[in-house]
Structures are given as structure tokens and as C-alpha cells.
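A.B. asks: Attaching a predicted model along with its sequence, questions to come.
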Amino acid sequence: MAETQTISNNVVIRSVIMLRVNNLSKQFDGRIAVQNLSFELKPGMVLGLIGPNGAGKTTTMRLILGLLKPTRGTITVDNFDMLDDGSARRAKQRIGFLPENPALYENLTAYKNLYYIAQLYGMNKSEIDGRVGELLEMLGIEKRIEHRVKTYSKGMKQKIAIARAIVHNPTYLLLDEPTASLDPASAKTVREFIKELRSSRRGILLATHNLHEAQELCDEIVVLSTKPLARGKPGELAQTLFSARTAVYANGIPEGLEQVLKERFGKRYLGRKKNKMLFATESPEQENPEIISLLVSQNVKIQFVEKENATLEDVYMKLVNQNGREK
Ligand SMILES: Nc1ncnc2c1ncn2[C@@H]1O[C@H](COP(=O)(O)OP(=O)(O)O)[C@@H](O)[C@H]1O
Ligand SMILES: [Mg+2]
């Protein structure tokens, strides 16, 4: 996404609409929290930052927000340099942030919570009324305008907190583990809301350690464990890191079969879960007939045979475990 701006008759600069992090590193007292992280976040996409506790997700967000100074690297927001005093304010205006533990004013209405923050952004009364009205409508609570925040469900409170983060209509929204403290039903409400926000052409950076959430919401993922370990679309990441797999479902798997499979297929036999046996298959057209004929010869009553794709969880476990061992 690029547009050109004419500065004068003959000077044209290319302005790039994206939040760009390049070679970002941060040390605290000599200890590395984030190392060589680069990514681009464009409007309309959700970029997942996934990693275990202490991986550097929150630090990355605080760096992007200009709350911390990086040890190395650059951050630009639609061409505005976050690290330059002259342009940092304009960069910041374009970003909204939901912290890990957002605190709303529970005794005030949603309207007042939003209104108060809008005032801090220096919006005037009519701007605020328009914007807050729009947000309440988006939340579907415009008829509950007199209700205090404490009367809402946990999921709705989190949605109000997200709405508060976009009061100033930023292009980019940073969400730090937005569903981590929620029960499954509230988490689902919040995920649906995030999908709506993506379709309103905002670029969303989503920090999470919930892999199902990342798989459901993200267009692209960076697996982070201090340094970036992998990056790509959720489905593609799994494909590049894993060979194909064949799952065989069978009724009444005989005693001793495990041993036979281990001896015959070694590491290619990945194990058994209830009535499912899983095999890694580099060239399925050769290996699958081999697997099936062995199972038939062992009197296994096969129910189904299917291709199984690795999940984002498999990718994550593989990468984070490998990285842990190297450290
Ligand atoms: N202000 C700080 N001072 C010193 N160390 C910090 C500070 N903030 C974070 N860290 C350290 O940086 C690392 C990354 O932390 P954080 O970004 O909070 O990870 P995550 O959000 O992925 O759980 C951790 O080792 C943490 O202890
Ligand atoms: Mg964190």
C-alpha cells in the first residue's frame, strides 16, 4: 500500500501506509528482552505476535508506543519516525493501545469513559459526540447509555476498553493479550469484535499466547522468543516446518502393535492417541501403502485414513522448544 504525495512541483516523495519495525532490539540492564525484530503491519491485517511469557511481546508494544527507547532499530508509522522528537507525536496519534490490564472507570457509564479519553486527545465537543456515538453503536450499547460500566459482562467491558483505545480513530491498534483473563464465552465475544475492527481497515498487532486465537484471527504471525523464530501465514508456517502426516483410525488396536510400528517405522511413527495412529510421511504415495499393508497384516480394523495438517500449536512447540534448548 503506497501513495504519493506531491510536496512541490518537482519533488515527489513516496509515503508508505504501514507501521514498520526494523531490526528492533531492547536491552534492560544488559539483558536482552527483544532482539532483531522486524515486521510490517498494514491496514486491514491482523499480525500476531505469539510467544511464551517473557518473550518480549509487551516490550515490543511499549517500544512501538514510544514508551521505551530501543537499544537499536527503527520504528516508523506511515513514514513518521517514532524515534524522532519532531515526528513522534504524529506517529503516536496513529496508534491505539489496549494494555494487558486495562482499567475502566467502573462507576461511570461507557459514554463517560470514552468521552473522558477523547477529551485528553484534545477533540472538541461535537467531534467527541460524533465519535463516541459511533463507538457505542459499534458496541451495540447505544440504548444503555445510562448504565455504569460495572453492570456489563466481562466480554463487553473488554470491548469497551478496546473502543476506548480507538477513540482517536487510529490506523493501528496494539492489543496486548486481549482475551488472556477472560472466560471462553467472553473471549469469543472479544474475538468477534477484533474481526469487525480488522474489516474497518485498521492494522492490528495482536500479542497472544493463545494459539487457537492466533490461528483464527491472524493473517500473519511472528513467533517471538526474544528473537523472532519464524514468520508467515498460520497455515504456511505449519507446512514449511513439518512434513505431511497420515492419520489412521482403527477399531480395537491390538496389544503389542505399538512395538511393531516403532520397529518398522522408527521416528516416522509419531504415536497413538485413542483410536488414531499418526505417521510422518515424506512421500505419502510410497509410504502409505506400506503402512496400510503392515496394519492389515497385523489384523488392524482400519476405519479411516486421512491426511493430517500440522497445527500452529505444533509449529509453536517445535520452535519454542528448540530455541529453549539452544539457550
Ligand atoms: N522495565 C523493565 N525492566 C527490566 N526488565 C524488563 C522490563 N520490562 C520487561 N522486562 C524483561 O523483558 C523480558 C520480556 O518481557 P515482556 O515484554 O513483558 O514479555 P511478554 O509480554 O512476552 O510476556 C522479560 O525477561 C522481562 O522480565
Ligand atoms: Mg506481556
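C.D. replies: Cool, got the structure. For clarity, every value in this text was computed on a predicted model and none was experimentally measured. Numbering: from 1, shown residues only. Ligands and ions are numbered 1, 2, ... in the order given.
A.B. asks: Low-confidence ranges, the stretch 101-250 of the chain, go.
C.D. replies: 241-242 (pLDDT under 70).
A.B. asks: Recalculate using a threshold of 90.
C.D. replies: 122, 141-146, 199-201, 209-213, 215, 230, 234-245 (pLDDT under 90).
A.B. asks: hey, where'd the strands end up in it?
C.D. replies: Taking DSSP state E, counting those that start in this stretch as the criterion, the stretch 101-250 of the chain contains strands spanning 172-176, 203-208, 220-225, 227-232, 244-251.
A.B. asks: host element of whichever residue of the stretch 51-200 of the chain sits closest to ligand 2?
C.D. replies: Closest to ligand 2 within the stretch 51-200 of the chain is residue 58: 3.2 Å, counting by Cβ to the ion. Yep, even glycine has a C-beta here, placed from its N, CA and C like the rest. Assigned by DSSP states H and E, residue 58 belongs to helix 57-64.
A.B. asks: list the buried ones in that helix?
C.D. replies: Neighbour-count burial for helix 57-64 flags 57-64 (criterion: 16 or more other Cβ atoms under 10 Å).
A.B. asks: ok, residues contacting that helix?
C.D. replies: Contact partners of helix 57-64, identified using Cβ atoms under 8 Å, 6 or more residues apart in numbering, comprise 19, 21, 24, 26, 33-34, 37, 49, 51, 68-70, 75, 82, 95, 97, 100, 174, 176-177, 205, 207, 224.
A.B. asks: can you rerun that using 6 Å?
C.D. replies: 26, 33-34, 49, 51, 68, 70, 75, 174, 176, 207 (Cβ atoms under 6 Å, 6 or more residues apart in numbering).
A.B. asks: pLDDT check: weakest of these?
C.D. replies: Of all the contacts of helix 57-64, residue 51 carries the smallest pLDDT score, 89.
A.B. asks: residues contacting that one?
C.D. replies: Applying Cβ under 6 Å, 6+ apart, the residues near residue 51 are 57, 224-225.
A.B. asks: again with residue 214
C.D. replies: Listed by Cβ under 6 Å, 6+ apart, the contact set of residue 214 reads 48, 50, 208, 221.
A.B. asks: Dump the residues you listed to TSV, plus distance to ligand 1.
C.D. replies: Listed next are these as TSV, based on distance: Cβ to the nearest ligand atom, whole Å:
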residue	distance to ligand 1
48	13
50	9
208	10
221	14
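A.B. asks: out of those, what pair is the most spread apart?
C.D. replies: 208 and 221 (9.7 Å; Cβ to Cβ).
A.B. asks: any shared contact partners between those two?
C.D. replies: 50, 214.
A.B. asks: out of those two, which sits in the busier spot?
C.D. replies: Neighbour totals were compared for residue 208 and residue 221, and residue 221 leads with 28 against 22 (other Cβ atoms under 10 Å).
A.B. asks: What parts of this protein come near ligand 1?
C.D. replies: The chain comes close to ligand 1 at residues 28, 33, 51, 53-59, as judged by Cβ under 6 Å from any ligand atom.
A.B. asks: Write out the residues of the chain neighbouring ligand 2.
C.D. replies: Within the chain, the positions near ligand 2 by Cβ under 5 Å from the ion are 57-58.
A.B. asks: I'd like to know how far residue 32 sits from ligand 2.
C.D. replies: From residue 32 across to ligand 2, the span is 16 Å (Cβ to the ion, to the nearest Å).
A.B. asks: Can you give me the pLDDT of that residue?
C.D. replies: The model reports residue 32 with a pLDDT of 97.
A.B. asks: Can you tell me the closest non-neighbouring residue to the one residue sitting closest to the centre of the chain?
C.D. replies: For the chain, the residue sitting closest to the mean C-alpha position, by Cα atoms, centre = their mean, is residue 48 at 2.3 Å. Leaving aside its sequence neighbours, residue 48 sits nearest to residue 218 (Cβ to Cβ, 6 or more residues apart in numbering; 3.5 Å).
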